[in-house]
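1. need coordinates for the following:
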Amino acid sequence: MALFTKDQLAAYLQKDVSEISDATYEVLEQKIRVEIINIIGQARFDSTDELRFFSVALDMAQQMGINPTGLRSVQESIDDWSTTETYASETVGEFDATEGMVRRIRRAAGLKNAFSIAIVDSS
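-> Next up, the predicted model:
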């Protein structure tokens, strides 16, 4: 089962579903799956209903910022107006897990956020 469907992703990003290719959707969904597994582990991921990750997975997709047109840069000039647009293939950005996002992923997996104790040598 997928973390979210292509239609759900398009609706959440307020894009037409035709703006997101099947390949981009599959890569994005897989990248998010790997990021979640990196945070909670494969065994915990496998034992958790994927629907619990739905909300956080869509937020992760939004953070990765799909660029379906592949627009890399726009260069403009003022005098004798000109514009240059540079394109690449479809791109999906990286995910930078914030503390809040990690907490949401852990909470979705049923893990409690515990405090840690640091032992300091006072001698």
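2. ok, now how distant is residue 98 from residue 39?
-> Using C-beta to C-beta, to the nearest Å, residue 98 is found at 12 Å from residue 39. C-betas here are computed from N, CA, C, even on glycine.
3. more neighbours, the two?
-> The neighbour comparison of residue 98 against residue 39 (other C-beta atoms under 10 Å) goes to residue 39, with 18 against 10.
4. what residues are up against that one?
-> Residue 39 sits next to 97, 102, 105-106 when contact means C-beta atoms under 8 Å, 6 or more residues apart in numbering.
5. against residue 76, how distant is it?
-> For residue 39, the distance to residue 76 equals 41 Å [C-beta to C-beta].
6. what about the contacts of residue 39, which one has the most neighbours?
-> residue 105 (23 neighbours).
7. I figured it hits residue 36, correct?
-> Yes - Residue 105 is within contact range of residue 36, at 5.6 Å (criterion: C-beta atoms under 8 Å).
8. hey, what's in contact with both of the two?
-> 53, 56.
9. mind naming the longest helix for the chain?
-> The longest helix of the chain (DSSP state H) is helix 22-40.
10. which outside residues touch the helix or strand just after that helix?
-> Using DSSP states H and E, the helix or strand that follows helix 22-40 towards the C-terminus is helix 42-46. Helix 42-46 has contacts (C-beta under 8 Å, 6+ apart) with 33, 36-37, 109-111.
11. wait, is residue 76 part of a strand?
-> Yes - assigned with DSSP: H, G, I helix; E, B strand; the rest coil, residue 76 falls within a strand.
12. helix or strand for the closest residue to it other than its chain neighbours, which one?
-> Using C-beta to C-beta, 6 or more residues apart in numbering and skipping the chain neighbours, the partner closest in space to residue 76 is residue 83 (5.1 Å). Per DSSP H and E, residue 83 falls inside strand 82-87.
13. CA atoms of stretch 44-61 as PDB?
-> Presented in PDB, the C-alpha positions along stretch 44-61 are these (Å, rounded to 0.1, in the frame of the first residue of the first chain):
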ATOM      1  CA  ARG A  44       8.700  -0.400  13.200                       C
ATOM      2  CA  PHE A  45       7.600   0.800   9.800                       C
ATOM      3  CA  ASP A  46       6.500  -2.700   8.700                       C
ATOM      4  CA  SER A  47       4.500  -3.100  11.800                       C
ATOM      5  CA  THR A  48       2.700   0.200  11.500                       C
ATOM      6  CA  ASP A  49      -0.400   0.800   9.400                       C
ATOM      7  CA  GLU A  50       0.800   3.100   6.600                       C
ATOM      8  CA  LEU A  51      -2.400   5.200   6.900                       C
ATOM      9  CA  ARG A  52      -0.900   6.600  10.200                       C
ATOM     10  CA  PHE A  53       1.900   8.300   8.100                       C
ATOM     11  CA  PHE A  54      -0.600   9.900   5.600                       C
ATOM     12  CA  SER A  55      -0.500  13.400   7.000                       C
ATOM     13  CA  VAL A  56       3.200  13.600   7.700                       C
ATOM     14  CA  ALA A  57       4.000  12.000   4.400                       C
ATOM     15  CA  LEU A  58       2.100  14.600   2.400                       C
ATOM     16  CA  ASP A  59       3.800  17.400   4.400                       C
ATOM     17  CA  MET A  60       7.100  15.800   3.600                       C
ATOM     18  CA  ALA A  61       6.100  15.800  -0.100                       C
END
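14. perfect, that will be all.
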